[in-house]
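S.K.: need a structure here:
(one chain, ligands or ions: 2)
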Amino acid sequence: MNSKPAAPTGQVRPAPEDRRGFLKKSLTLSGGAVAALAGAGVARAQGDPAILKLPAHSTGLGQPVAARGYGMPSEFEKNLQRRESPGLTRAGQSSVAFTPLQGLFGIITPNGLHFERHHQGWWDIDPRQHRLMVHGLVRESRIYNMDDLMRLPSVSRIHFIECGANTGMEWGNVAVPTVQYTHGMLSCCEFTGVPLSKLLEHCGADIKKGRYVLAEGADGSGLTRTIGMDRALDDVIVAWGMNGEFLRPENGYPLRLVVPGVQGVSWVKWLRRLEVGDKPWDTREETLHYIDLMPDGLHRQYSSVQECKSVITTPSGGQVLLNKGQYNVTGLAWSGRGRVRRVDVSFDGGRNWKEARLENPVLTKALTRFNIDWVWNGGPAILQSRAIDDTGYVQPKIAQLRAVRGTRSIYHNNAIQSWLVAANGEVSNVQVE
Ligand SMILES: Nc1nc2c(c(=O)[nH]1)N[C@H]1C(S)=C(S)[C@@H](COP(=O)(O)O)O[C@H]1N2
Ligand SMILES: [Mo]
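M.R.: Ligands and ions are numbered 1, 2, ... in the order given. Got it, this is the predicted structure:
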């Protein structure tokens, strides 16, 4: 197989006369997601040298066990990477690397592909040196080391994390070509840690007077966010585990806050301090940033729940359908308020809708995978998905969102995404009123 270093999926432009060649290359470049696009017409077994000629792996001796103490993806999948959107920020230390949603299956994000967002760079902190202080309106201020924390009763829960700025570049108009950049500030993992409620109880927090908790990170940005006490006592986790292993350094090793349903900025990484208080702190990251500029010129603050949203990940911008016929259309849906109840898919820009299959598990405040069959007739088509959560909230069209929020927002864009499939099979990002 061809293993040339790859261009990003969005830039793949196959020569029309070499469709088989492109199919091979797309397998190499982008893994299973594009392979699925090959659709029908691949049953050409007779005379196929890939079957008739025995390859080395069928006749020789393979690699021994533990050749790699920590396993790595196949050589053929090396194009599936987190990527930085060129020119988004001036310094890589205050930037974003997006998750390649187009190449993932199911609902769990592999740890090495979890998106990254840092305000002042990431650190690999020695867990023996790390401390968490809990103080303020508590009976007893305490300082925990990692061993202390891991002796407390822990839970493991699957939740999505989405940066409030996800899809933010698309407020004014179409801005970026692929689902990696439109929706890739989104990941979903199983997190393990001690419920914040247990820690607060352990310190004797005054939950009558202390209506708020402040969380602070140990990185240079000293990132701080206020969390309401009701939420703090509900499902927030002080977490060290991520998909069965310790958090990755980029994602807050050795300790981060998990605030299910709430925008990423509240998921404080390298968590070092929790303070119980009687009013919101109104820190920089909740008064100047992560706020919504409304059409009347006022800023909306503390709009931290990520509303119901969905996106088709295959086919999506930058991918190419090789020929007409049968396809599996797949995507992700989620809601910061609970479970996804239903996802509808349109193939004609929102005129007609069909209900998609939700794959198990369908968990609260987690990504939900949906699938739906589609027979492409070879003509232009506009694909959309629309999610409804168990509160009955329906994901809005971009025009509905703009009618309320105006066009100058950055954060909290949960609009329906449209992908245009052109007659030549190329898929691109479009906006439909
Ligand atoms: N200490 C600290 N915590 C932080 C940040 C940070 O820069 N420093 N970034 C926040 C933002 S804006 C987001 S979206 C999430 C991103 O988490 P991730 O890098 O694990 O994807 O972490 C949040 N927690
Ligand atoms: Mo964020």
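S.K.: Thr167 reaches Ala415, doesn't it?
M.R.: Yes. Taking C-beta atoms under 8 Å as the definition, Thr167 is a contact partner of Ala415 at 7.2 Å. Just so you know, the C-beta spots here come from the backbone N, C-alpha and C atoms, and that holds for glycine as well.
S.K.: And the residue in the stretch 1-150 of the chain that ligand 1 sits nearest to, how far from Gln395?
M.R.: Ligand 1 sits closest to His119 of the stretch 1-150 of the chain, with a gap of 3.4 Å, by C-beta to the nearest ligand atom. His119 sits 29 Å away from Gln395 when distances are taken as C-beta to C-beta, to the nearest Å.
S.K.: which of those two has more neighbours?
M.R.: Gln395 (26 against 18; other C-beta atoms under 10 Å).
S.K.: Flag every residue of the chain that's near ligand 2.
M.R.: Residues of the chain lying close to ligand 2 by C-beta under 5 Å from the ion are Arg117, Cys163, Gly264, Val265.
S.K.: Next, the last one: secondary structure please.
M.R.: At Val265, secondary structure determined by DSSP: H, G, I helix; E, B strand; the rest coil is helix.
S.K.: Skip the chain neighbours and tell me the closest residue to it.
M.R.: Tyr290 (5.2 Å; C-beta to C-beta, 6 or more residues apart in numbering).
S.K.: same check, this time on the first one
M.R.: With sequence-adjacent residues excluded and distances taken as C-beta to C-beta, 6+ apart, Arg117 is closest to Val96, at 4.9 Å.
S.K.: Repeat that for the third one.
M.R.: Here the nearest residue to Gly264 in space, its sequence neighbours aside, is Cys163; by C-beta to C-beta, 6+ apart that works out to 4.1 Å.
S.K.: ranges for the strands of the stretch 51-200 of the chain?
M.R.: All strands of the stretch 51-200 of the chain, identified by DSSP state E, counting those that start in this stretch, fall at 83-84, 96-98, 116-117, 132-136, 142-144, 155-162, 186-195.
S.K.: So for Pro295, which of those sits nearest?
M.R.: strand 155-162 (24.0 Å; C-beta to C-beta).
S.K.: List the strands paired with that closest one, with their directions.
M.R.: Taking DSSP bridges as the criterion, strand 155-162 forms sheet pairs with strand 186-195 (antiparallel).
S.K.: What mean pLDDT does the strand it pairs with get?
M.R.: For strand 186-195, mean pLDDT rounds to 98.
S.K.: Check the burial of Thr59 by counting its neighbours.
M.R.: Close neighbours of Thr59, defined as other C-beta under 10 Å, add up to 7.
S.K.: let me fix that: Pro110
M.R.: Using other C-beta under 10 Å, Pro110 is surrounded by 13 other residues.
S.K.: Would you confirm that it contacts Asn243?
M.R.: Yes. Taking contacts as C-beta under 8 Å, Pro110 lies within contact range of Asn243: 7.4 Å.
S.K.: can you give me the helices for the stretch 251-400 of the chain?
M.R.: For the stretch 251-400 of the chain, applying DSSP state H, counting those that start in this stretch gives helices covering 284-287, 398-405.
S.K.: what are the ranges of the strands in the stretch 301-433 of the chain?
M.R.: Secondary structure of the stretch 301-433 of the chain (DSSP E, counting those that start in this stretch): strands located at 309-314, 325-334, 340-346, 354-355, 357-358, 368-376, 381-389, 418-421, 427-430.
S.K.: now the fourth one: how far from the chain's centre is it?
M.R.: Averaging C-alpha coordinates over strand 354-355 and over its chain gives two centres that are 24 Å apart (C-alpha atoms, centre = their mean, to the nearest Å).
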